[in-house]
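[1] Got a predicted model here, sequence first, then my questions.
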Amino acid sequence: MATSGNGNNHLGVNLSFTKFLFVTVLSDDGATHTRVKDAGGMLARGFFNDFDSDGTREPQPLETIQFLIGDPERESTEGLLSARYVAHVSAKYRPRLQEIEEELKRRVGQHATVTALDGAVQVPRYTSAEMHAFAYKHAVSRTSGRAMRNAIIIPIRKTPEWWKLDPLERHSFFYPHTSKTTGTSIPGHARAAEAGVPTIFRRLYHNPDGYEREDEYDFVTYFECTDENLPVFDQVHAALRDQSQNPEWRYVAEGPEWRGTRVLRW
Ligand code: HEM
């Protein structure tokens, strides 16, 4: 796949970049946790901390950081789900995020492993003016981590069959439509997820280097919500997985779902 230095490719223009840094401690003792927390403190320098973002900030600052702490009850020994700590960093300039990853790795040394998931913001692909009015105009703004304390990260891949579909045909999966085979009404992705519009803050990140890359995800999806709205998230997620409401999910392979809490610092 042809890529330029800043990660652009023929599939979509990367407008800005993001990196999720998953940190797994190798021994669960106080000294190790202190080392990771201190490393996080160093990372925060020079970044705008998104913990207290109130949705009114305009324009968006160029470089932001959000610290997350995993729910110990969901922790497992499996890949990303073993990470107690996550730092979500965003910047216009991709190499800046690479520097941060290397700095974090250097600071935690042999006490923890750091796994990165990279993403890029792109112009929405399936969003008409009407879809914008439906899914974005009244979307809940990002608010402080004190209120919207829950964070959910789900990396996603689409199957080879999805990428073989006619690109115009892919649009229909996001809209209400009639099934060609059964003639029934299908809500599609956006309508199935409607309850999430006013309740779940969401961000979609594309793989900055393109899709269908070996051992990589095509997208990283990221969500925030209040405790009260966590059941809404679960309901929306279940609706998206229900292929009678959202046939798009036939082509989706979900990665591990990491959940945690937004914090001012680790
Ligand atoms: C909370 C309510 C949600 C709404 C209103 C919503 C709406 C949308 C819309 C309008 C798009 C098209 C973006 C474009 O034009 O490029 C989209 C894409 C996408 N959404 Fe959602 N979504 C929601 C929740 C979710 C959830 C919970 C997941 C994952 C578990 C998810 C995964 C995705 C993915 C992976 C794409 C990109 C698909 C592609 O480009 O092939 N969404 N969503």
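    That came through, no problem.
[2] Okay, now stretch 109-125: how far is its last residue from its first?
    40 Å (Cα to Cα, to the nearest Å).
[3] can you tell if it touches the ligand?
    Yes: residues of stretch 109-125 are located near the ligand by Cβ under 6 Å from any ligand atom, namely 124-125. For the C-beta atoms, the positions are set from N, CA and C on the backbone; glycine is no exception.
[4] Flag every buried residue along that stretch.
    111-112, 114, 116-122 (16 or more other Cβ atoms under 10 Å).
[5] doesn't Phe67 fall inside a strand?
    Yes: secondary structure assignment places Phe67 in a strand (DSSP: H, G, I helix; E, B strand; the rest coil).
[6] Tell me the spacing between it and Val89.
    10 Å (Cβ to Cβ, to the nearest Å).
[7] picking that back up, could you export the buried residues of stretch 109-125 as TSV, including secondary structure?
    TSV is the format used below for the buried residues of stretch 109-125 (three-state DSSP):
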residue	secondary structure
His111	helix
Ala112	strand
Val114	strand
Ala116	strand
Leu117	strand
Asp118	strand
Gly119	strand
Ala120	strand
Val121	strand
Gln122	coil
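[8] Is His223 in contact with Tyr205, as I believe?
    His isn't right for residue 223; it's Phe. No: using Cβ atoms under 8 Å, Phe223 is not in contact with Tyr205; the gap is 11.9 Å.
[9] So those two - more neighbours on which side?
    Neighbours were tallied for Phe223 and for Tyr205 using other Cβ atoms under 10 Å; the higher tally belongs to Tyr205 (26 against 22).
[10] On the three-state scheme, Phe223 is what?
    Applying three-state DSSP: Phe223 is strand.
[11] and it, bridged to which residues?
    Under DSSP bridges, the beta-bridge partners of Phe223 are Ile152, Arg202.
[12] Who are the contact partners of it?
    151-152, 154, 200-203, 233 (Cβ atoms under 8 Å, 6 or more residues apart in numbering).
[13] What parts of the stretch 51-200 of the chain come near the ligand?
    124-127, 131, 135, 154, 156, 158, 174, 189-190, 193, 196-197, 200.
[14] if you set the cut-off to 5 Å instead, what comes out?
    124-127, 135, 154, 156, 190, 193, 196-197, 200 (Cβ under 5 Å from any ligand atom).
[15] Name the member of those residues with the shortest distance to the ligand.
    Distance to the ligand, by Cβ to the nearest ligand atom, is smallest for Gly196 among those, at 2.3 Å.
[16] quick one: the closest one and Val232 touch, right?
    Yes: taking contacts as Cβ under 8 Å, Gly196 lies within contact range of Val232: 6.4 Å.
[17] Contacts for the helix or strand containing His88, please.
    Applying DSSP states H and E as the criterion places His88 in strand 85-91. Outside of strand 85-91, the residues within contact range by Cβ under 8 Å, 6+ apart are 16-23, 25, 36, 40, 43, 47, 50, 62-70, 97, 100, 104, 151, 153, 222, 258, 260, 266.
[18] Please tell me how far the helix or strand just after that strand is from the chain's geometric centre.
    Next in sequence after strand 85-91, counting helices and strands by DSSP H and E, comes helix 94-108. Its chain's average C-alpha position is 19 Å from that of helix 94-108, according to Cα atoms, centre = their mean, to the nearest Å.
[19] what angle do helix 94-108 and strand 85-91 make?
    150 degrees (axes from the mean of the first three to the mean of the last three Cα atoms, to 10 degrees).
[20] correct me, but His189 touches Phe174?
    Yes: here His189 lies in contact with Phe174, judged by Cβ under 8 Å, at a distance of 4.5 Å.
[21] Is it correct that Ala116 is in contact with Thr18?
    No: Ala116 lies out of contact with Thr18 (Cβ under 8 Å); the separation is 10.3 Å.
[22] For this structure, which segments count as helices?
    Per DSSP state H, the chain carries helices over the ranges 30-44, 94-108, 129-135, 160-164, 167-172, 188-192, 230-241.
[23] Could you export those as TSV, including mean neighbour count?
    Output for the helices of the chain, formatted as TSV (neighbours: other Cβ atoms under 10 Å):
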stretch	mean neighbour count
helix 30-44	15
helix 94-108	17
helix 129-135	14
helix 160-164	11
helix 167-172	12
helix 188-192	20
helix 230-241	16
